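> from the sequence below, what's the structure:
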Amino acid sequence: MPLAPSPSPPEALTRLCPTALDAACCAALKHEADAWPKPGLVTPVDSGSHRDMNYASFVDSIAALRGYFAEIAEAGARGAPYARLQPIAIAAEARMLAATRGANTHRGAIFNLGLLAAAYAWRAARPEAAPATCGELVARLWGPAILAARREADASHGQAVWQRFAAGGARAQAAGGFPAVYRVGLPALCALRADGVEEEAALIGTLMALMAELDDTNLLWRGGAAGLADVRRAAQDFGRTGGVRHPVWRQRLIEMHGWMVARNLSPGGSADLVAATWLVHRLDPA
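Okay, here's the model as predicted:
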């Protein structure tokens, strides 16, 4: 389904059809998974820096998540607090892990896209409310609870990186209304599509724009501050020299993929936000 440069929400989503919203979230995950090349990440070509998963893992994971986004959207429409959304997401994560034999393919997306879907449903159920993006609503409705939950969370990669490097990760992005999505990802995607760049290349260009700016906790976990700095520098150089508009952009990213895999670097946080960017491009009117 091609993206228009300045989309309005699809008719079915405007009427708050949970099934259509669920399909849009799953489509966002599938578009991100299908895109190639993506340095360090799983694609249909190879597993990147991930030894515990492959493209089939992502397909199985997306299938296991069908229905989750509709369920959390319905809770959002009812005005559920964050404490009511969490069990829905935890159950979805359990289905994901069962489908992937324990591989964490979409934990970040369960969190990000689930909150965005809940916010969209809250807004659609309240047409009299003041206009706000899905990201603004996530911050307004659940931001304080998200940050409080982070302080109470069990040990995790994201938690350890937050403590060691003071990088906020997914929770800080969500609590802040997804600033990387709205200030970096969405402008990049809209500009590329407006220039006629086809969808796959535009999504990869969006990924590289996010990699150039984001304090990606996956990169910090795997490569420390030096790994993050090297990837950000390479992504910035890619953008400065034409990005996906460059005639041989795919070859440039294949070369970047090679050294990132050799160093076990993966920009998983940026990849999660690519899917979130694709979704808000559909859900938030331009």
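> pretty sure residue 125 sits against residue 77.
Yes. Taking C-beta atoms under 8 Å as the contact criterion, residue 125 and residue 77 are neighbours in contact, 4.2 Å apart. C-beta: built from backbone N, CA, C; applies to glycine.
> and the average pLDDT for the longest helix along the chain is what?
Among all segments of the chain classified by DSSP state H, the helix with the greatest residue count is helix 217-240. When pLDDT is averaged along helix 217-240, the result is 95.
> continuing past that helix, what's the next helix or strand?
Stepping forward along the backbone from helix 217-240, the first helix or strand reached (DSSP states H and E) is helix 249-262.
> and that following helix, how far out from the chain middle?
The chain centroid and the centroid of helix 249-262 are separated by 21 Å, computed with C-alpha atoms, centre = their mean, to the nearest Å.
> and it, what does it pack onto?
helix 199-213, helix 217-240 (3 or more C-beta pairs under 8 Å, 6 or more residues apart in numbering; DSSP states H and E).
> pick the most deeply packed of the ones you listed.
Mean neighbour counts were compared across those using mean count of other C-beta atoms under 10 Å; the top stretch is helix 199-213, at a mean of 23.
> helices and strands around that helix, which ones?
Applying 3+ C-beta pairs under 8 Å, 6+ apart, we find helix 199-213 packed against helix 18-34, helix 186-194, helix 217-240, helix 249-262, helix 268-283.
> show the average pLDDT along the shortest one.
Across helix 186-194, the average pLDDT comes to 97.
> what's the angle from that helix to helix 199-213?
Here helix 186-194 runs at 150 degrees with respect to helix 199-213, directions being taken by axes from the mean of the first three to the mean of the last three C-alpha atoms, to 10 degrees.
> can you show me the CA trace of helix 186-194 as PDB?
Output of helix 186-194 as PDB, limited to C-alpha atoms (Å, rounded to 0.1, in the frame of the first residue of the first chain):
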ATOM      1  CA  LEU A 186       8.300  11.800  10.300                       C
ATOM      2  CA  PRO A 187       9.900  14.800   8.600                       C
ATOM      3  CA  ALA A 188      12.400  12.500   6.900                       C
ATOM      4  CA  LEU A 189       9.700  10.100   5.700                       C
ATOM      5  CA  CYS A 190       7.400  12.900   4.400                       C
ATOM      6  CA  ALA A 191      10.200  14.600   2.600                       C
ATOM      7  CA  LEU A 192      11.400  11.500   0.800                       C
ATOM      8  CA  ARG A 193       7.900  10.500  -0.200                       C
ATOM      9  CA  ALA A 194       7.100  14.000  -1.400                       C
END
